[in-house]
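Student: Any chance you could fold what I've pasted below:
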Amino acid sequence: VKSQIRHILPHGLNEPNHRLRVGLACVISAVAEWDCPESWPELLPFLIESLKSTNKSLIHGSIRVLTEIVRDLDDRQLPYVLPLLLPEMYRLMVSNEFNLRIRTRAIGVFTLLVSLVHDINEHDRILSVGYILPYLSHYCEAFKRFLIAPDSSLMTDTGCRIETIRALTLLFKSFPKLMQQNAAELLQSVWTCLTSNTENYVATVVYKHGEMDASVDSDGETLSFECLIYSLFEFVQVLMDLSMYKNSVKSSMEELCYYLILCMQITEEEFDSWSKNVSRYVEDESDDSFSHSVRLSALELLMSITSEFKKEAGIGLWKAV
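Tutor: All right, here's what the predicted structure looks like:
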């Protein structure tokens with residue numbers, strides 16, 4: 001009976017109804033956690049082949065399942081899966097035929113694959129480099145476009161940029177030497193993304209001018225300026241931790257300090273709340289508080305920068321203030 005159920009389930013991923021398709025994808029992912037690949041060896045080939053379909057519902061359902069099961073792939077499966085999945089994720093990611101959520105999810109699957117290759121890198125660097133190198137320049141070129149394209153272009157949005165920054169953070173952290181060839185243009189694209197979105201964050205969140213670009217994806221994750229700023233700050237911190245990229249942060253110190261100070265401003269809601277209730281301010285600002293904010297993230301990064309680059313950060317802060 002279980003074998004028959006496993007045979008039937010994947011064919012429902014082309015269900016036109018979004019909610020039913022998502023529910024079925026969750027069921028398949030749950031079963032696959034226990035049965036794939038030993039008792040369900042045909043699932044992964046089916047999903048990979050489905051990505052080539054012209055049925056967009058089937059592609060959406062398949063990539064949702066892949067998002068869940070890719071993280072559990074082992075070293076034996078990677079040599080088979082990577083040459084098949086990496087080109088398909090790139091095709092989905094750059095094609096205007098697919099909506100942004102499918103394309104963003106493709107970036108997420110790519111990031112999961114990179115994390116698996118990184119695990120191999122710890123004990124077999126030559127093998128891991130061989131997996132990722134043939135596709136790296138193509139992905140980097142696409143990431144540059146996603147980071148600097150305006151939302152009106154339909155090429156990207158906040159959610160897409162968040163996934164792109166997460167992917168780049170992992171790539172620089174896992175393969176810093178491999179990224180050197182593309183680093184200059186990528187870092188410029190990230191900087192453009194940081195400056196423009198920091199200004200958008202200050203205008204829409206701090207001062208409430210204009211509409212907030214905030215939405216929730218089909219997994220319930222909030223896609224907002226705050227999430228993007230968090231991701232960008234994490235990327236900068238990773239660069240600081242890498243000796244070959246540390247100077248790229250140092251050379252932009254004055255501008256970086258300026259934008260960090262912008263993000264450290266309190267919002268109008270915080271001003272109103274704290275003005276009326278000082279104890280609320282103490283609670284929110286306590287080290288034991290579970291709340292987090294862009295302002296606190298900016299402060300943490302600024303403290304890290306001033307600790308690493310005392311002279312340059314001091315000059316940058318003086319000029320920014």
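Student: Am I right that P176 sits in a helix?
Tutor: No - counting by DSSP: H, G, I helix; E, B strand; the rest coil, P176 is not found in a helix; it is coil.
Student: Need the pLDDT of the nearest residue to it once chain neighbours are set aside.
Tutor: Take P176 and drop its neighbours on the chain: the residue closest to it by CB to CB, 6 or more residues apart in numbering is L242, 5.1 Å away. Where you see a C-beta, it was placed from the backbone N, CA and C, and this is true even at glycine. Looking at L242, its pLDDT is 96.
Student: And the one 5 residues further on, by the same measure?
Tutor: The pLDDT attached to N247 in the predicted structure is 93.
Student: and what of E97?
Tutor: 88.
Student: separation between L24 and A149?
Tutor: 33 Å (CB to CB, to the nearest Å).
Student: May I have the residues that are in contact with G61?
Tutor: 12-15, 21-22, 24-25, 50 (CB atoms under 8 Å, 6 or more residues apart in numbering).
Student: 7 Å instead?
Tutor: G61 is in contact with 13-14, 21, 24-25, counting by CB atoms under 7 Å, 6 or more residues apart in numbering.
Student: And it, which helix or strand is it part of?
Tutor: helix 56-69 (DSSP states H and E).
Student: who touches the host helix or strand of L260?
Tutor: Per DSSP H and E, L260 falls inside helix 253-263. The contact list for helix 253-263 (CB under 7 Å, 6+ apart) reads 194-195, 198, 201-202, 229, 249, 294-295, 298, 301-302, 309, 312-313, 316-317, 319-321.
Student: Now that helix: buried residues?
Tutor: Using 16 or more other CB atoms under 10 Å as the test for burial, helix 253-263 gives 253, 256-263.
Student: next one: stretch 1-8
Tutor: Using 16+ other CB under 10 Å as the test for burial, stretch 1-8 gives R6.
Student: Show the average pLDDT along the helix or strand hosting L116.
Tutor: L116 belongs to helix 100-121 when assigned by DSSP H and E. The average pLDDT for helix 100-121 rounds to 90.
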